[in-house]
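Participant: I'd like to go over a predicted model; first the sequence, then the structure.
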Amino acid sequence: MTCRVRFAPSPTGPLHMGGVRTALFNYLFTRKNKGSMILRIEDTDQKRYVPGAEEYIMEALAWCGIEIDEGVREGGEYGPYRQSERKDMYRQYADQLIESGWAYFAFDTAEELDASRQMAQDEGGKFSYDAATRKGLRNSLTLPELEVKALIEAGEPYVIRFKFPENEEIVMNDLIRGEVRVQTSTLDDKVLFKSDGMPTYHLANVVDDHLMKISHVIRGEEWLPSMPLHVMLYRAFGWTNTQPEFAHLPLILKPSGNGKLSKRDGDKLGFPVFPIDWKNPENDDTASGYRESGYLPQAFINMLALLGWNPGTEQEIFSMDELIELFSLERVGKSGSRFDPEKSKNLNHQYIQMQDNVALGEMLVGGNRDMGTWGRGDFGGSLDMEKVVKVLGLVKERMNFLTDFWDQAYFFFVAPEEYDAKMLKKGWKEGTADRLTKMLELIHGSDFSAGILENVIKGWMTDNEIGMGAVMNPLRMTLVGAPKGPGVFDIMEVLGEEETIKRIQRAISTLG
């Protein structure tokens, strides 16, 4: 069977990093097995649909480098790939289950079900619509056939529920967890078709996976309780021979290790949990994403791959091609993986150091939408690419995130308007202005490369027995305005002769 996997998110809000990891593991698995990656939008729950979420999902996956072979945008022979556009086909499958005795009509009202729940609670139990209780409820298993027909013709609201066999053990296999056994007596008869005429996730999911010839269902651990129903649906439809193999990925845990990392944990814990920024269309609130927080997509993907998957070696840095070559479900663990924000930061730092300066510059120049303002504050000018690349070579070792660039390099683009008070008090002494004025005479017209400048200035200081602190500290202050930045001579070379002299003259004029 050809390897075909699908990532099937619901457009109910931003895509959590756990969802991206699910997409990534599907992608790595199918690329390793020369298969196809399908993106299917599961929007059967129209009440929870959020405008813009579908586009967000596609943009996020594209930023991550997860390529889609078939989907809403890409098309394909098994489309449409948006479930709301497939809704007309689901009813026939629900009817097929009714006719074969694997499903039934249920006419219970919300009030009747609430009463049943309350009664069970009063007796110290919990209500479940299952093989034991369905015999005493309003459904086509208990009502006469003519009455059922009359209720449907009269437009009485109903749902279609799956009919689990009584007292049967379901034996299943999970590629990560091994054999899984469940007693049908512990399962409730899930709704397959809602009163609004739309299928539930369970029916649409299984039908679509079958029709799209999905070979492997790789999804999060939270869907493990649904596995018995889905396996039984394949049996009910007579599709057991083409049933996909299942693999349920472990949870991503909070940094404390206590509980699943949720969407609400985002900015509250001081790090993103979404791949890219999400702007809520209802209230304009923005939740931060890894892209806008200054992460490289390669680092984000690398970090996600190591949450639940173990390469079996000490290697931590992987390209996408390396991940594809090494990935296997056998090396995915069963237990949850604790997210370490500090480790992800260090990983991003390493990727920035490895990245070509020109490639980094392209991410920063021109107010790149991906990076927002990346900390530029009120500076709205355009940045020269060649200069940015030079500056990156000097400051990127201090950068953990792309958003650190401006904080580490603003003085290359904007002259200081004020000077650090402590540095001024310590470094600007009587005679400082005279020494800097003399130094200007030396460097005027000189080759403005860092090496030549260093030889000229240090040679002059040695010849005149001038201490390093008497010139170098105030020189840095005139150029930067603060005790920060790379080597002074490197700064001078990037600024160039005109700008360097202009900044030193301004400080002499201002400070005296």
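Facilitator: Structure's in. What do you need?
Participant: just checking, residue 257 touches residue 337?
Facilitator: No - applying C-beta atoms under 8 Å, one finds residue 257 not in contact with residue 337, separated by 9.6 Å. Glycine gets a C-beta too; all of them are placed from N, C-alpha and C.
Participant: Looking at these two, which has the bigger crowd around it?
Facilitator: Using other C-beta atoms under 10 Å as the criterion, residue 257 and residue 337 rank with residue 337 on top: 21 against 10.
Participant: What distance do you get for residue 23 to residue 302?
Facilitator: Residue 23 is 15 Å from residue 302, where distance means C-beta to C-beta, to the nearest Å.
Participant: Same question for residue 364.
Facilitator: In this structure, residue 364 lies at 21 Å from residue 302, with C-beta to C-beta as the measure.
Participant: Show me the shaky parts of the stretch 251-400 of the chain.
Facilitator: For the stretch 251-400 of the chain, the stretches with pLDDT under 70 are 366-382.
Participant: Could you double-check that residue 139 sits in contact with residue 108?
Facilitator: Yes - with contact defined as C-beta under 8 Å, residue 139 counts as touching residue 108 (7.1 Å).
Participant: the helices in the stretch 351-500 of the chain, which residues?
Facilitator: Counting by DSSP state H, counting those that start in this stretch, one finds helices in the stretch 351-500 of the chain at the ranges 357-364, 385-395, 405-409, 421-427, 432-443, 450-463, 468-480, 488-511.
Participant: List the buried residues in the second one.
Facilitator: Within helix 385-395, the residues scored as buried using 16 or more other C-beta atoms under 10 Å are 387, 388, 389, 390, 391, 392, 394, 395.
Participant: which residues touch the last one?
Facilitator: I take that to be residue 395. By C-beta atoms under 8 Å, 6 or more residues apart in numbering, the residues touching residue 395 are 405, 408, 409, 485, 486.
Participant: and with 6 Å instead?
Facilitator: Residues counted as contacts of residue 395 (C-beta atoms under 6 Å, 6 or more residues apart in numbering) are 408, 409.
Participant: The nearest residue to residue 451 once chain neighbours are set aside: how many residues sit nearby?
Facilitator: By the measure of C-beta to C-beta, 6 or more residues apart in numbering, the closest residue to residue 451 outside its immediate chain neighbours is residue 489, 7.5 Å from it. The number of residues packed around residue 489, counting by other C-beta under 10 Å, is 20.
Participant: Give me the distance between residue 489 and residue 471.
Facilitator: 12 Å.
Participant: Name the surrounding residues that touch stretch 303-314.
Facilitator: Contacts for stretch 303-314 (C-beta under 6 Å, 6+ apart): 21, 24, 249-250, 252, 323, 326, 331-333, 337, 344, 347.
Participant: The residues you listed in helices, which ones?
Facilitator: Residues of the contacts of stretch 303-314 located in helices (DSSP state H): 21, 24, 323, 326, 344, 347.
Participant: What is the most widely separated pair among those?
Facilitator: Distance extremes for these: the farthest pair is 326 and 344 at 19.9 Å, using C-beta to C-beta.
Participant: Counting neighbours, go ahead and name the busier of these two.
Facilitator: Between residue 326 and residue 344, residue 344 has the larger neighbour count (other C-beta under 10 Å), namely 23 against 17.
Participant: For the more buried one, which non-adjacent residue is closest in space?
Facilitator: Nearest to residue 344 is residue 303, by C-beta to C-beta, 6+ apart, at 4.6 Å.
Participant: go on, residue 504?
Facilitator: Among residues not flanking residue 504 along the chain, residue 478 sits closest, at 4.8 Å (C-beta to C-beta, 6+ apart).
Participant: what does residue 351 give?
Facilitator: Closest to residue 351 by C-beta to C-beta, 6+ apart is residue 299, at 4.0 Å.
Participant: Distance check, the closest residue to residue 257 other than its chain neighbours against residue 199.
Facilitator: Closest residue to residue 257 apart from its sequence neighbours, by C-beta to C-beta, 6+ apart: residue 338 at 4.7 Å. Distance, residue 338 to residue 199, by C-beta to C-beta: 37 Å.
Participant: ok, now which ones touch residue 8?
Facilitator: With C-beta under 6 Å, 6+ apart, residue 8 has these contacts: 40, 42.
Participant: any idea how far residue 209 is from it?
Facilitator: For residue 8, the distance to residue 209 - C-beta to C-beta - is 9 Å.
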